[in-house]
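**Q** what shape does this take:
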Amino acid sequence: MSESPFDFSEHAQRVPRLVLLGLLVLAGLYTLYFARAVLIPVVLAVLLSLILSPAVLGLKRWLRLPAPWGAALVVGALVAAMGYGVASLTQPAKEWIDKAPGMLRQVEIKLRDIRESVQEVSRITEKAEQIAGQGGAGKVAVAAPSLLSRTLTATPAFLVSVASTLILVYLLLAYGGTLTHQFVRMAPTVAEKRAVIKVARSFQGDIARYLLLMTCLSVGLGVVAGLALYWLGMPNPVLWAVMIAVLNYVPYLGAVLCLIVLTPVAILSIEPLGQALLVPAMFLILNILEGELLTAIVVGKYFTLNPIIVFLGILFWGWLWGVVGALIAVPILVSFRIFCAYVPALHPLCDLIGNGTGRKETG
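**A** Numbers count the residues shown, from 1 in each chain. Below is the predicted model:
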């Protein structure tokens with residue numbers, strides 16, 4: 001039997017396409033990185049507008065307020081809440097940041113008994129190694145990254161970014177409907193116009209529903225954790241409650257960061273040691289209940305995400321856009337997942353990212 005000859009021309013034609021695709025991916029990554037000063041406020045504004053749009057619609061429906069007036073009222077309330085939060089939490093946060101360099105030493109002193117037990121075990125291990133002829137000295141270096149300090153540091157560029165985000169949020173809430181109608185007019189036929197309107201409304205509703213649910217869950221977790229911290233005698237419980245609520249947008253890594261911060265603060269602030277250790281234990285229990293139970297019940301009605309893809313997405317956007325990228329990684333992934341659900345050619349990506357349609361299943 002004669003084998004068919006290998007078609008080099010067909011494979012040769014694929015090489016330029018792969019090279020072009022690779023160049024497009026690299027160009028996209030470079031654009032996302034170097035244009036982050038512009039793109040981050042835009043993405044944040046879009047996400048915030050989707051979260052706040054139900055409030056503007058409610059004011060329009062119940063109080064007959066026009067969209068620009070409702071948007072001004074909602075954004076004004078947001079600015080007032082942000083200003084109050086910053087004014088209330090800046091001083092406690094600054095005090096804890098100033099204490100950070102000496103915290104490890106103070107924790108070490110309070111854990112002296114445990115440390116002495118560990119040292120005793122270490123001496124026994126060293127003697128065993130010396131007997132075996134493998135004695136050696138080991139050094140452990142602890143480096144404390146100034147992540148919180150960098151996050152809370154206000155610069156002119158940061159203030160400009162915040163102002164740009166808030167202005168764009170207002171414009172999207174006030175005139176986003178007009179922009180949507182402009183896109184609809186670009187459709188050539190009436191049937192296509194109706195299809196575009198239907199998809200746009202469903203897409204916006206699905207994303208807004210998810211973001212609102214996750215925001216409610218994060219705020220609820222922060223409130224319950226704050227009350228529990230107050231009951232356990234933790235200083236500045238409001239500060240830690242806000243931190244828990246914000247970092248809840250970063251699955252897995254957010255919980256780890258909260259534990260890293262809460263544990264030494266509790267050991268330094270609460271006596272005896274057993275009661276201090278109740279703080280990280282309490283947080284772990286609440287985080288598991290919120291993440292594995294409430295989120296699965298509330299958000300799982302619409303869709304679930306692949307944990308591996310979520311973790312990789314957090315690493316990618318955190319590497320690309322820093323702390324802000326890590327915070328908005330999951331909302332971006334969810335938005336892309338819902339978008340893929342409306343494009344038949346991208347349905348395989350839906351199965352890769354997670355299960356579900358983004359809408360509550362009926363029947």
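
**Q** what about the helices in the protein?
**A** 8-34, 36-62, 67-110, 112-131, 147-152, 156-185, 190-232, 237-247, 253-269, 273-276, 278-288, 295-298, 307-341, 347-353 (DSSP state H).

**Q** deepest of those helices, which one?
**A** Most buried of the helices of the chain, by mean neighbour count (mean count of other Cβ atoms under 10 Å): helix 237-247, with a mean of 20. Where you see a C-beta, it was placed from the backbone N, CA and C, and this is true even at glycine.

**Q** give me the residues contacting it.
**A** Contacts to helix 237-247, defined as Cβ atoms under 8 Å, 6 or more residues apart in numbering, come from residues 85, 88-89, 92-93, 96, 218-219, 221-223, 225-227, 229-230, 234, 254-255, 257-258, 261-262, 265, 283, 327.

**Q** then stretch 34-43?
**A** Contacts for stretch 34-43 (Cβ under 8 Å, 6+ apart): 32, 157, 161, 164-165, 168, 320-321, 324-325, 328, 332.

**Q** of those, which is the nearest to C350?
**A** I332 (15.3 Å; Cβ to Cβ).

**Q** gap between that closest one and A71?
**A** 23 Å (Cβ to Cβ, to the nearest Å).

**Q** ok, now P41?
**A** 17 Å.

**Q** I'd say R337 and L305 touch.
**A** Yes: R337 is in contact with L305 according to Cβ atoms under 8 Å; the separation is 7.2 Å.

**Q** what touches both of those two?
**A** With Cβ under 8 Å, 6+ apart as the test, R337 and L305 both reach 353-354.

**Q** averaging pLDDT per element, find the lowest-scoring helix or strand in this protein.
**A** Least confident element among the helices and strands of the chain, by mean pLDDT, DSSP states H and E: helix 147-152 (a mean of 46).

**Q** which two among the contacts of stretch 34-43 are spaced furthest apart?
**A** Among the contacts of stretch 34-43, A157 and I332 lie farthest apart (Cβ to Cβ), at 21.9 Å.

**Q** list the contacts for the spatially most central residue of the chain?
**A** In the chain, the centroid-proximal residue (Cα atoms, centre = their mean) is L327; its distance is 2.6 Å. Neighbour list for L327: 246, 249-250 [criterion: Cβ under 8 Å, 6+ apart].

**Q** how about a cut-off of 7 Å?
**A** 249-250 (Cβ atoms under 7 Å, 6 or more residues apart in numbering).

**Q** what of the one 4 residues further on?
**A** By Cβ under 7 Å, 6+ apart, the contact list for P331 reads 47, 211.

**Q** just the pLDDT for it.
**A** P331 is assigned 86 on the pLDDT scale.

**Q** relative to T165, how far out is it?
**A** Distance from P331 to T165, by Cβ to Cβ: 14 Å.

**Q** and if you look at R17?
**A** Taken as Cβ to Cβ, the span from R17 to T165 is 39 Å.
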